[in-house]
Structure formats: C-alpha cells, structure tokens
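1. Need the 3D shape of this:
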Amino acid sequence: MDILALDLGTSSVRGLVLDADAVPRPGALARRKVHLVTGDDGSGVLDGPRYLACLAECLDELAAAGHLRDVELVATSAQWHSMLPLGHDGTPLGPVLTWMDTRPEPVAGAAGPTDPDAFHHRTGAWWHRCYWTMRLPWVREHCGSPVARFAGLVEYALGELLDEAPMSVSMASGTGLLDLRLLEWDAEACELAGVRPEELPPLAPQRWRGRLRAEHTQRWPQLADARWAAPVGDGAASNVGSGCVDPSRAALTVGTSAAVRLVQALPAGAPLPPLPEELWRYRVDHEHVVTGAAYSSGGNLFAWAARELRLPSGAELEAALARTGRHLTLRANPRLGGDRPPGLAPAGSGELRGLSFGTTAVDILAVLMTELCRLMADDLALLEQGAGEPAEVVLGGGAMAASPWWRGAFVDALAPRPVRHQRNPEIGATGAALVALGRIAEAAGVSGIGRTDDRDTPNTVALRPPR
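-> Coordinates of the predicted model:
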C-alpha cells in the first residue's frame, strides 16, 4: 500500500507518495508554487480556483509518472484559518482569506465573548481577526453577494474532488468556532460569527474516509478506490512529522511562517487542561490537542531580506552570517506581517533600530532572524509551564533546512535545552500520513532527527519503536 500525502500550504501545493511506513518514495514529489496576493492594506489572499488547478496539476504529474498506481490512502495537511465565501452552487464569491490577512475587524456595534477567559479555554482561540468569529461578519459586509455558506481552502478544494468533504475536527479547531472538549460548533462562537450551523461545513466523524467523485476517476483512475482521510491542520501535522507527539518534545517549525508547539493526548470529552492566556490550542484529531504560539514571520522574512537587500546565497551567505556574530548592537521587530493571535499589531509593524554607516545587509538579516529566535524562546517557556518540565526541541521546516546559521541562532536562544534538527523537508505531509494511519504515538520514533550542525543525516522518516 502507498499513501498519497498532500500539503496545501500558503506558498505552494505539494503532493508526494509514501510507502506504508510513511517513507517517501524516491522522486515521487510534485510541487506547484501558488501566488499569494498581499497588499499594504493587510490583505493576504489566494485565488481558490487557481489553487485547485495547481493541486490537479500535481496529481496529473504524479499520475503520468506512474506514482499513483498503488495508492490506497490519501492524507492531507492544510493551512489553518483560511476561509472563503461560497454561493448556493458552491462557486467562490471572493478570494481565500489566509492567515496572513489582517484586514478583518469587528463590524459596527459588535461585542466580544461574555467571558473572554472561558471562551478562550473552551475554544482555544480569541475573538480576533484571524478567526471566523470576526472574519465571517466582515466578509459578509464586504462580499457584495449573499453568502450561502463558508468553507476553508481545503474543504473547498476537496469538495470539488470528493463525493463529500466534511470539515475535520483539526481544521474546525482552527476556525475558533469549535468547542475543543465536546467537538461540536460552539454556540457563543457561532453567535459572534453571525452564522448558523447549516452555513458551516458538517464535521467529520472519527475515522471518516472519503472517495473521489466518479467524474474524476477518468482523469485519475489510479485513485478510484483510494480512501481519503480527514485533513489535518498544518501545524499539528508538522509536530507529528517532527516526532513531537508528547510534552517531552516541542516542535519549533519555520516554513513560510513560524510556530512553536506541544502535542498531548486528550480524548474528546475529557476536561481541558489550563491554557495560558497568551497561547492557542487546537485539535490534532479526536484524541490529541496541540498548544502553541505562531508568528507571521518565518521563511518569508528570510525571502524578503534576500530579495530586497540583494544578499549573497548559499555558502557565501552562511559565511557572511558567521562573521556578524550573534551579539549585534542592532535591535529589530520582525513583525513585518503583523501579529498572529492574540496580538493585534497590523502588517507593517517591523522595525530596525541602531543603524549606523557600518551596518550591512547581512547584519539586518541576522538581527531579524535572531529576534524571531528570542520571541519563540519566550513562548516556549510558557508552553513548558504547562508541561511541567523543560522540553527537548526539534527544529523543522524548509527555512531551518536552508540555514545552518539560523539553526545555531536557535540553539543559542533556546539554551540550555537540548535542540535537534529534523531534516525531512516534508514534515507536514509526513505527519498527515501518520495521523491518517492512526500512528501518532509511533511518530515519537521517527528518524531523520539529528544534530543541528549535521548536514549529512539521512533524509528519511522510517519509524523506530517509540522512546
């Protein structure tokens, strides 16, 4: 049996084929870049139909190369918080709002939760522009057409491909509308959002499986009998793919954005543990939750600096970073894209202080990267308070793979914690596959994790027995 793992990200959509042990098949990867449209007004949107076309192109490429012929299970990692309005026939009435969009604000006369602390504990979220509680009323006001229902990007895409596409509890938890204990739409959150349950996707039951629509089996006959698992939020999937599936090990992931997270077992119906007011909590699946903090800056910070500051690349850049040291007199605010919840800083909040005629472009990159390390280290300390002991940290994500210097900066910021590096660049897709297989606990033994300065650790995710 093979597994097709889809990763529906902000900057790209990817499809890769793994074997029954979630080990990638050599060469079985298709990727398409997607165009995220951002503006000075705080917009951050994607074109839904074009995104779906990119996903279809990935499936076409894998099918043409024969990689789909033994696929029996399809797993999906998808970006949390995305949202788009749909008409009665399922046609998008506007673009996809991504997590980067900071425009939504309360409509006139709107009030927040009656008890914000209880609301945060129950939903793991806040009344904030990132969540559907604030996004849906704002979109209705600006849409220009009556909205029949709302969906996330993954529900829209899979809704076009499958017989049905309910929303997984993992994706629903990222909307801010889900009661994390009862695993049902929260009445107060829906009232804040001005939405009725029938305007939201139905929630997928545990161990739900979907199937490709009959009209699509002609295009992808290899997937005619494959079962599709409920999607997993990208952050949760990244933790599982990094081997961070209990409170002894935290995942610090830097892709387009960045996050630090801890997973713990918590079955549906069990009382929710205390949640620090600065942290969010979502669902991995019906049996696990993930708690953490996220940042609008990550690999996009690196990409912006490389483009606008005309930096060198590769070994030349690494050598230049090493010469700067990590104790610069510069100070910076890396929030170029604004705050993720619960922060309210808008896009355009980045700052540099202490510039001199001796400041170089590499110095600017170094201080931006270092300040993000410090922010994440501070939030990890909050996570550890709930876990009861300092955690081992596993660095992961494409930006971590690209820069040994940045990995070293994280080691300094996170000291004295042990810090390791997961070299597998597809941790989201791998994690989604392991969730779909019901092998979350076994992910603690995932391989590919090595020293932060090790360039030669095998890029594999074969499973070892759990620690």
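
2. what number of residues lie near the closest residue to residue 47 other than its chain neighbours?
-> Excluding the flanking residues, the one nearest residue 47 by Cβ to Cβ, 6 or more residues apart in numbering is residue 95, at 6.0 Å. C-beta coordinates here come from the backbone N, C-alpha and C atoms, glycine included. The local packing of residue 95 (other Cβ atoms under 10 Å) involves 18 other residues.

3. now do residue 168
-> Neighbours around residue 168, by other Cβ under 10 Å: 30.

4. mind showing which ranges of the protein have poor pLDDT?
-> 326-327, 388, 390, 447, 453-467 (pLDDT under 70).

5. Check which element follows the longest helix belonging to it along the chain.
-> Secondary structure of the chain read by DSSP state H shows that its longest helix is helix 361-387. Per DSSP states H and E, the first helix or strand lying C-terminal to helix 361-387 is strand 392-396.

6. Give me the distance from the helix or strand just after that following strand to the chain's centre.
-> Later in the chain than strand 392-396, the nearest helix or strand by DSSP H and E is helix 398-402. Centroid separation between helix 398-402 and its chain, computed with Cα atoms, centre = their mean, to the nearest Å, is 15 Å.

7. Let the chain start at 49 from now.
-> All set: I'll call the first residue 49, so the last point we hit is now helix 446-450.

8. Quick check: which helices or strands does helix 446-450 pack against?
-> Packing contacts for helix 446-450, counted by 3 or more Cβ pairs under 8 Å, 6 or more residues apart in numbering; DSSP states H and E, involve strand 297-302, helix 347-356, helix 452-462.

9. Okay, helices next: where are they in the chain?
-> 96-112, 164-171, 180-191, 201-209, 217-221, 235-241, 262-265, 282-289, 347-356, 362-372, 409-435, 446-450, 452-462, 475-484.

10. In a markdown table: these, plus distance to residue 52 and mean neighbour count.
-> Output for the helices of the chain, formatted as a markdown table (distance: least, Cβ to Cβ, whole Å; neighbours: other Cβ atoms under 10 Å):
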| stretch | distance to residue 52 | mean neighbour count |
| --- | --- | --- |
| helix 96-112 | 7 | 18 |
| helix 164-171 | 32 | 18 |
| helix 180-191 | 29 | 20 |
| helix 201-209 | 12 | 24 |
| helix 217-221 | 18 | 28 |
| helix 235-241 | 33 | 19 |
| helix 262-265 | 14 | 12 |
| helix 282-289 | 14 | 31 |
| helix 347-356 | 25 | 18 |
| helix 362-372 | 32 | 14 |
| helix 409-435 | 32 | 20 |
| helix 446-450 | 21 | 22 |
| helix 452-462 | 31 | 21 |
| helix 475-484 | 9 | 32 |
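
11. Residue 273 is nearest to which of the ones you listed?
-> helix 262-265 (9.0 Å; Cβ to Cβ).

12. hey, C-alpha coordinates of the closest one in PDB?
-> Output of helix 262-265 as PDB, limited to C-alpha atoms (Å, rounded to 0.1, in the frame of the first residue of the first chain):
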ATOM      1  CA  ALA A 262     -16.900   9.300 -10.300                       C
ATOM      2  CA  GLU A 263     -16.300  12.100 -12.900                       C
ATOM      3  CA  HIS A 264     -12.700  12.500 -11.700                       C
ATOM      4  CA  THR A 265     -11.800   8.800 -11.800                       C
END
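
13. for the lengthiest strand in the chain, packing partners?
-> If you go by DSSP state E, the chain has its longest strand at strand 72-81. The helices and strands touching strand 72-81, judged by 3+ Cβ pairs under 8 Å, 6+ apart, are strand 60-66, helix 96-112.

14. what's the closest of these to residue 405?
-> Comparing these under Cβ to Cβ, the one sitting nearest is strand 60-66, at 39.2 Å.

15. Just checking: what are the partner strands of that closest one?
-> According to DSSP bridges, strand 60-66 has the following sheet partners: strand 50-56 (antiparallel), strand 72-81 (antiparallel).

16. So what touches the last one?
-> The contact list for strand 72-81, computed with Cβ atoms under 8 Å, 6 or more residues apart in numbering, reads 50, 59-67, 102-103, 105-107, 109-110, 113, 115, 474, 478, 508-509.
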